[in-house]
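Participant: Here is a sequence with its predicted model. Questions after.
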Amino acid sequence: MSLQELWLLLPVLIICVGVLTLMLQAAWQRNNVLAQGLTVLTLTLALGALIRQYPTDMRTITLLFEHEPIGGFFSLLLLMVAISVALLQGPYMGKNSKEVAEEFYILLLLSCLGSILLVMSRHVASVILSIELMSLSMLAMLAYNRERKLALEGAMKYLLLSGAATSLLLLGFALLYATSGQLLLTQMLSSPMQLVAKSGFVLVVAGLAFKLSLVPLHFWTPDVYQGAPVNSTLLLTSLSKAAVFALFIKLILLIPPEFEADMVRMLSWMAIASMLLGNWLALQQRSLKRLMAYSAIAHMGYVLVAGVIAMGIDHSLVLEGASYYLLAYLVASILIFAVLTLLSKLDEQQDLDDLPQLQGLFWQHPWLASVMTLAFLSLAGMPITIGFIGKFYLLTLAVKLSAWWLVTAMLVGSAVGLYYYLRVIFTLFAPLQRDIQQTSGAYLSKMWIGVITAGLLLLGILPGLLGDELRRILAIG
Amino acid sequence: MNSLGLFYVSASIALLASFCVITQKNAVHALLYLIVSLLALALCFYLLGAPFAAALQIIVYAGAIMVLFVFAVMMFNINQQDIERESQWLSWQSWLGPSLLVTVLLVEVLFILQSQPAWTSTESQVTLIDAKAVGSLLFGPYLLAVEIASFLLLAGLVGGYHLAKALPHKPVNKEVNQP
C-alpha cells in the first residue's frame, strides 16, 4: 500500500483515530460532553477531509477499495447522518443518564466506519467485513438501554435475522465465486452467467434486500424500529439503508446484459410489492415508529424503482435520480426522528411514540411541530419540499421507460401515503390534550435541525441548486 | 480411491453431521455433532490443498470455540439435578453416532497419510497453499481486510461489554466515580 493510497483513505483513518481516542478517554475519565464533542469533532474532520479530496475519477486503494464519485457522494450523506445522531444523543441521554455514554459514541463511529468502507468496496472480502462491521455495531446500539424489554427483543430479532441475511449473502458470493473464480465484484459479474451464478446473484440481492427491508424480506423492520431507542432507530433507518443501497446500485449496474431482463422482472415485483404493502400496512399504525418502519419499506421500494430503471436506460440520469431521492428520504427521516428524540428520554421505558401522545404538539412547541410537518410533507412528496423533486425525478424516469406498472404502483402508493402522513400532521395541530416535555437547552442540536430543515426547503424551492451540481458531484455525463 | 472420492466421503460426513446438529433435541448432543462436522470440513480443506486452513479449522473452531460452547452450555445454573441430567446426556448411546462418523474420518486420515505421495503426484490440479502463502496474502493485498476485521472484533467487544455488564440502578454520577 502506497502513501498515495493512504492519503485517499484519510477520512476513514480519521474515524479510526477517533475510535481509539474515545476508548482512551473512556479509560481515563468518563464524561458525556467530552465524548460527544470528540465524536462530532472526528466526524467533522472526516467530512472536511472527504470534501477536500473529493474524488473526480476512479482510483483503486489496494485490492479491496476504490475511491470514486458515487461512493464519495454517499459517504457525504453517511457522515451527515452520523453527525446528526451524535448531536442528538447528548440531549437524548440528558445529564444524569443511567447508561454510560462513551460506548454509544464508539459504536456510532465504528458503524459509520463500516458504512463508509462499504460504499468504497470493490471486493467480496471488503463487502462482507464492512457490512458486518456496520450491522454488528448497530446491534448493541439498538439495545442500548438494557432496561427496555422491547429493545432487547428487537435487537435479538435483528441479530438472528441479520445473521441469516449475511449467510445468504455469503452463500450467494460463494456460488458466484465457484463459477467465475474471481473475487473482485466487477470481474465476478462480467463472466457469462449460468444458472448457478444467477441463483448466486439472486441470493446476494436477497441478502441486501433484507438490509434494505424490501418486501418480502421486511418482517423484522417494525418490531426492531419500535423497540429500539429512537436515536438508534434513526441510525438504522438512514445509515444502513443508504450504505447498502450504494452497494446495491453498484452491483445492479454490473449485471451482464443477458441476465438483465430476469432481474428487471424480479426487482420490479419487489419494488411494486414494497410500495403497496409498505404504504398499506402503515395506514393502520398508531405507533409513530412503526409507521416510519412501514414508510421506510415503501420508500425503499421507490428507490428500487430507480435501480430497476437503471438497468433499462442510461445510467447517468438514474444515478442522479436515485441519489436525489435518497437524499430527500434521509433528510426527512433525520428530521422526524430528531423531533422524536428531543421529546423523549433514553432512561424511560418508552419513547414518545404513540400518536395520541403527540396530539397538539404545535400549540406547545410550534417550532418542533413545524419541522415535523415539513418533514412529513416531504415524505409525502408535496411541492416546495425536497421530497417532491425526488419523486418527480423518479416518475419522469419511469414514464420515460414506459414502465406503467411501476408508475401505477408509485402513484397509488403515494396517494395512500398522503393519507397517513396527513393524519399525523392533523394530530400535531389538534387541540392540546396533555403536557409534552421537551428537552431544554441543546442549542447546537436544534441549530443543526434548523440547518437541515432549511436545506429541505431550499432544495425544494430551488432544485436546480443541487440538480445541476449533482451531475458534477457524481462525475457522470 | 483418489482424492476426489476421499473429498466426497468427508463432505458427506460434514453434511450428515450438520443435519444431525439441527435435528438433535439436546444441545450437548448437537454440539458433539457440530465438532464432527467441523473436523470433516477441516479434512475437506486439506484435500483441496489447504493444510494451513485445515489446521486453523481444527485449532480455532473444533478446539477453542467448541470448548467454549460446551463449557458455556454446561455451566448454566449448575446444581445436583443438572449434574445428574448431564451424566444422563452423555450416556454411551449418544456418543455412538458422532464416534462412528469420526472413526470414518480417522480411517480416511490414516489412509491419506499412508498413501499421500501416491496421489499428490498424480493429481496435479491441487495446488498447495501453505501457511507462508496465506501470510503473505494477509500482509499484502488483504492488509486492510485484516485491519477492518480487527475493528469488527472491537465492535463486538465493545457491544458485548456494554450489553453484558450489570444493570445500573442509579444515575451514573461523574463526581462520585472519580477517585
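Facilitator: Nice, I can see it.
Participant: Pull the number of nearby residues for the residue in chain B that chain A sits nearest to.
Facilitator: Residue nearest to chain A within chain B: B:Gly159 (2.9 Å; CB to the nearest CB). To be clear about C-beta, it is placed using only N, CA and C from the backbone, and glycine gets the same treatment. Residues near B:Gly159, counting by other CB atoms under 10 Å in any protein chain shown, number 24.
Participant: same question, B:Leu47
Facilitator: 24.
Participant: now the helix or strand containing A:Ala296: mean pLDDT?
Facilitator: Element membership of A:Ala296, judged by DSSP states H and E, is helix A:288-312. With pLDDT averaged residue by residue, helix A:288-312 scores 88.
Participant: which secondary structure elements does that helix contact?
Facilitator: Applying 3 or more CB pairs under 8 Å, 6 or more residues apart in numbering or on different chains; DSSP states H and E, we find helix A:288-312 packed against helix A:221-227, helix A:230-235, helix A:241-253, helix A:257-282, helix A:315-343, helix A:386-400, helix A:404-429.
Participant: which parts of the fourth one are buried?
Facilitator: Meaning helix A:257-282. A:259, A:263-264, A:267-268, A:270-282 (16 or more other CB atoms under 10 Å in any protein chain shown).
Participant: Specify the local secondary structure of whichever residue of the stretch 351-477 of chain A sits closest to chain B.
Facilitator: Here the residue of the stretch 351-477 of chain A nearest chain B is A:Thr439; by CB to the nearest CB that distance is 16.2 Å. Assigned by DSSP: H, G, I helix; E, B strand; the rest coil, the conformation of A:Thr439 is coil.
Participant: where does chain B have low pLDDT?
Facilitator: B:1, B:76-78, B:86, B:89-90, B:116-126, B:170-179 (pLDDT under 70).
Participant: Domain map for it?
Facilitator: B:1-78+B:94-116, B:130-167 (automatic domain parsing).
Participant: Check the offset of the last one from the chain's centre.
Facilitator: By that I understand domain B:130-167. Relative to its chain's centre, domain B:130-167 lies at 17 Å (CA atoms, centre = their mean, to the nearest Å).
Participant: Which of the domains of chain B sits closest to A:Leu251?
Facilitator: domain B:130-167 (19.2 Å; CB to CB).
Participant: Could you give me the buried positions within the closest one?
Facilitator: By 16+ other CB under 10 Å, the buried positions in domain B:130-167 come out as B:142, B:144-145, B:148-149, B:151-152, B:154-156, B:158-159, B:162.
Participant: where's the closest residue to B:Ile58 other than its chain neighbours relative to B:Ala54, distance?
Facilitator: Nearest non-adjacent residue to B:Ile58, counting by CB to CB, 6 or more residues apart in numbering or on different chains: B:Ala42, 4.9 Å away. B:Ala42 sits 4 Å away from B:Ala54, going by CB to CB, to the nearest Å.
Participant: So between the two, which is more surrounded?
Facilitator: Comparing B:Ala42 with B:Ala54 by other CB under 10 Å, the one with more neighbours is B:Ala42, at 25 against 19.
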